[in-house]
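1. below are the sequence and a predicted model for it; my questions follow.
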Amino acid sequence: MENKKRNKPKRRFAGFADDWEERKVREVTDRYDNLRVPVVANLRVPGSVPYYGANGVQDYVDGYTHNGEFVLVAEDGANDLKNYPVMCVKGRIWVNNHAHVLQGKKKITDNKFLSYVISQADIESLLVGGSRAKLNAETLMDIELLLPTKIEQAQIGGFLTHLDHLITLHQRKLDKLDSIKKSYLSEMFPQEGEKKPKRRFKGFTDDWEQRKLGEVCSEIGDGLHSAPIYDEHGDYYFINGNNLVNGKIEINPEETKRVSRKIFDKNDKHLDDTTVLFSINGTIGNLAYYKGERVMLGKSTAYFKANNIDKTFLFVLLQTSYVMNNFMVSLTGTTIKNLGLESIKSTKIMMPRNEEQKSIGLYFQQIDHLITLHQRKLEKLKNIKQAYLNEMFV
């Protein structure tokens, strides 16, 4: 509270100590909404200039409405009202009438800093309208900001822009890995009616064999259908499909309910190191390996005990569009969808010999490992950015 009274942020670059000054957006910016030109999709001439709307780039067109460095703030149609769309853009751009166009006054305001300080404002509380909430121009221009000197603004804006650049790079790497995985899931498994995949490891040429999931798993079952008696001091966590995340069972000890050993013993499914878990109620397709965790399954989680099939191959197989499409046409229920065990057991699959199964399973494990690494790096960078946003602004 003391920092706010003195109008100073908690974290600053060395050499800056002055109080920040309270100014309205209209005092430190010029607005260029009058230059905006909306163009319906079928009338846009394709080109290299980004065409901006409320939530960012919508298209690329020929020509431009603005040229320079600007801050775009969604006027109406924002996808996220809590993290309101505000971005700093540079160069030739085309802006439609769903984003306000601001530019900081040269001697007062750094545009990069301006984009971050506006994004920190409680814009959601200023919106009007119903389903398509709107930020009126006059309301935007009356938002009160706290600004340091332009030199300090530039330091802060440049630092946060660098963080955003790193976040974008890791997001692109993650998107590329996701795309590679999706492509290989399609090419390394036979398509419907085929006996061989398009892409294979060297040395494998045999036809794949058609089987049913119920034939290659020693057991396929699900968890408890009724609510158990919970015990906050219980030895076992009661989990559902939402606890299956990126191949692992994720448990929040403070939120996940527990059951006693007595309740667990009555419903023990005898899971072991051959077991793969799969969500079958609500969200379909979350996956995790079972690795001895002290958990009890709810009805939304199915378990597969790999018998005549390699566990890692089964884990990948359950992600293929061929298997998932077969699952999806078998769903029951209206509001909440459910995948029945009999439908799972009768689902036809194609599988190669064990050696090829292991090679495929290991290969996708390595891809998943890389994806997880980039997800962690991305999450860490986002957390770092949020921490700085909290501490570098008043």
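-> Received it, and whenever you're ready, just let me know what you need. It should be emphasised that the depicted structure is a prediction, and the values quoted were computed from it without experimental measurement. Numbering: from 1, shown residues only.

2. in the stretch 51-200 of the chain, where is pLDDT below threshold?
-> Within the stretch 51-200 of the chain, no range satisfies pLDDT under 70.

3. again, only using 80
-> 130-131 (pLDDT under 80).

4. so where do the strands sit in it?
-> 56-61, 66-74, 86-95, 99-104, 144-147 (DSSP state E, counting those that start in this stretch).

5. which stretch among those strands comes nearest E391?
-> When those are compared by C-beta to C-beta, strand 144-147 sits nearest E391, at 13.9 Å. (Each C-beta comes from the backbone N, C-alpha and C, glycine too.)

6. can you put the strands of the stretch 51-200 of the chain in JSON lines and add distance to V128?
-> Putting the strands of the stretch 51-200 of the chain into JSON lines (distance: least, C-beta to C-beta, whole Å) gives the following:
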{"stretch": "strand 56-61", "distance to V128": "22"}
{"stretch": "strand 66-74", "distance to V128": "13"}
{"stretch": "strand 86-95", "distance to V128": "18"}
{"stretch": "strand 99-104", "distance to V128": "14"}
{"stretch": "strand 144-147", "distance to V128": "18"}
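
7. the most centrally placed residue in the chain: helix or strand, and which one exactly?
-> The centroid of the chain falls nearest to Q375 when counting by C-alpha atoms, centre = their mean (9.2 Å). Q375 is part of helix 354-392, with elements assigned from DSSP states H and E.

8. from the contact counts, what lies against that helix?
-> Here helix 354-392 touches helix 150-187, helix 311-317, going by 3 or more C-beta pairs under 8 Å, 6 or more residues apart in numbering; DSSP states H and E.

9. and these, which is most packed in?
-> With neighbours taken as mean count of other C-beta atoms under 10 Å, the helices and strands packed on helix 354-392 reach their highest mean count in helix 311-317, at a mean of 23.

10. can you give me how far that helix is from the chain middle?
-> Remark: helix 311-317 is offset 24 Å from the chain centroid, using C-alpha atoms, centre = their mean, to the nearest Å.

11. hey, C-alpha coordinates of that helix in CSV?
-> Extracted C-alpha coordinates of helix 311-317, given in CSV (Å, rounded to 0.1, in the frame of the first residue of the first chain):
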residue,chain,number,x,y,z
LYS,A,311,2.0,-50.7,-23.5
THR,A,312,3.7,-47.7,-25.2
PHE,A,313,2.3,-48.7,-28.6
LEU,A,314,-1.2,-48.9,-27.1
PHE,A,315,-0.8,-45.5,-25.5
VAL,A,316,-0.1,-44.0,-29.0
LEU,A,317,-2.7,-46.1,-30.8
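
12. helices and strands around it, which ones?
-> Using 3+ C-beta pairs under 8 Å, 6+ apart, helix 311-317 sits against strand 275-281, strand 283-289, strand 348-351, helix 354-392.

13. many thanks, I have nothing further to ask.
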